[in-house]
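In: any chance you can model this:
(one chain, ligands or ions: 1)
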Amino acid sequence: MTLSEFQRLASGIADEGEKLVAAAQDAAGLEEARTALVGRKAGRLPELMKQLPSLPPEERKEAGAAINSVKQKLEELLDARRAALTTTAPDDRSIDLTMPARRRWKGARHPVTLVIDEIQDIFRELGFTIALGPEAETEWYNFTALNFPPDHPALDMHDTLYLDEGVVLRTHTSPVQIRTMQKNKPPIRVLSPGNCYRRDFFDASHAPMFAQIEGLAIDEGVSFVDLKGTLTHFANKFFGKTKTRFRPSFFPFTEPSAEMDVECQLCHGSGCPGCKNTGWMEILGSGMVHPRVLTAAGIDAERYSGWAFGMGPARIAMLRYDIPDIRILYDSDVRFLEQIAR
Ligand code: PHE
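Out: Next up is the predicted model:
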């Protein structure tokens, strides 16, 4: 090979290298080009370098210089292309600057949790403490001690889920009343949130598992006035100044019993589909603790009296946040929860 032939081959590699490097679209493509051009094993430039000894000794220096300058040029091209590929310039094909930024994912407290916490805060200010009880409960605590006669229709109403002979998934939080009275002497003021279970259909207003909050106050000389005053105070604190009313009701464990309604929070009393045009929404069941219940729990019913209530925080969350279907509360869809989160 002659020197001019050698130089021509070297500059041919330089020209071709320029095209190859420019054509590389990503890091892998660029690496391919680099290997083909200067790769130690079979790169075109090292291959040409191997031909060096075939030149007459006095021409080798100049040939070597040609190789070096091509090598340097190729390295520069590769470096520049590498830099261009890693910093993608914001050109209008790759980034739409008018697009809204993606929001950061944020966890959210569940509306039912928010409601339970808020209710607890209101009653805590009134001197109530928290008492918890088991979700797997004996029939005695769930029914018998609460004055349910053995074949009372209320048992049907509760559509009980049985775990075992005499053991149920509690159908309400009222058994915690009994457990609390067994363990503590009056005065008693407790609030008991927890999950309850009923064999219900899962529809817009029923769920087979639901939260309840039980309240219990026992002392000497406690009357229905205390019940009414406390629960009215609660409604005004929770909903903001609101109308309330008590309607007679029935529970085996309270006598007399009453359900409390608040003015419909959606239409403020004028009537809407949310309140079935009544202008009212029921939020809790309550009553004076039946003397038989006090006795069953070991409290002297001659000396002490008390009242209790039970309310459903899911229902209250639906009222407060205008949620039309209880099932939304069980989907845990963050897009929904975030709208209510605080
Ligand atoms: N336990 C009743 C229910 O689940 C509610 C209630 C509790 C009523 C306490 C009166 C007193 O429906």
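
In: contacts only, for F239.
Out: Applying C-beta atoms under 8 Å, 6 or more residues apart in numbering, one finds that F239 lies in contact with V262, Q265, R320. (C-beta placed from N, C-alpha, C; glycine too.)

In: L30 now?
Out: Residues near L30 by C-beta under 8 Å, 6+ apart: V21, A24, L78, R81, R82, L85.

In: average model confidence for the helix or strand where it lies?
Out: L30 belongs to helix 27-38 when elements are defined using DSSP states H and E. On average, the pLDDT along helix 27-38 is 91.

In: tell me which residues of that helix come out buried.
Out: L30, A33, R34, A36, L37, V38 (16 or more other C-beta atoms under 10 Å).

In: how about stretch 178-191?
Out: By neighbour count on 16+ other C-beta under 10 Å, the buried set for stretch 178-191 is I178, R179, T180, M181, N184, P186, I188, R189, V190, L191.

In: now the element after the strand or helix carrying the third one, going C-ward?
Out: For T180, the element it lies in under DSSP H and E is helix 175-183. Of the helices and strands lying after helix 175-183 in sequence (DSSP H and E), the nearest is strand 188-197.

In: list the neighbouring strands of the helix or strand just after that following strand plus their orientation.
Out: Sequence-wise, the next helix or strand downstream of strand 188-197 (DSSP H and E) is strand 209-219. Looking at strand 209-219 with DSSP bridges, its partner strands are strand 188-197 (antiparallel), strand 305-311 (antiparallel).

In: which residues of this structure fall in strands?
Out: In the chain, the strands defined using DSSP state E lie at 129-130, 136-138, 161-164, 167-169, 188-197, 209-219, 244-251, 254-263, 280-289, 305-311.

In: enumerate the residues of the stretch 201-342 of the chain near the ligand.
Out: E214, F251, T254, G285, S286, G287, A308, F309, G310 (C-beta under 6 Å from any ligand atom).

In: sorry, back to before: mind checking how far the helix holding T180 is from the chain centre?
Out: From the chain centre to the centre of helix 175-183 is a distance of 32 Å (C-alpha atoms, centre = their mean, to the nearest Å).

In: likewise stretch 2-22?
Out: 64 Å.

In: same thing with stretch 57-69?
Out: From the chain centre to the centre of stretch 57-69 is a distance of 72 Å (C-alpha atoms, centre = their mean).

In: what residues sit buried inside that stretch?
Out: Buried residues in stretch 57-69 (16+ other C-beta under 10 Å): E59, A63, A66, I67.

In: who's in contact with that stretch?
Out: Stretch 57-69 is contacted from outside by T2, L3, F6, Q7, A10, S11, L45, L48, M49, L52, P53, L55, using C-beta under 8 Å, 6+ apart.

In: could you redo the last one with a cut-off of 6 Å?
Out: By C-beta atoms under 6 Å, 6 or more residues apart in numbering, the surrounding residues in contact with stretch 57-69 are L3, F6, Q7, A10, M49, L52, L55.
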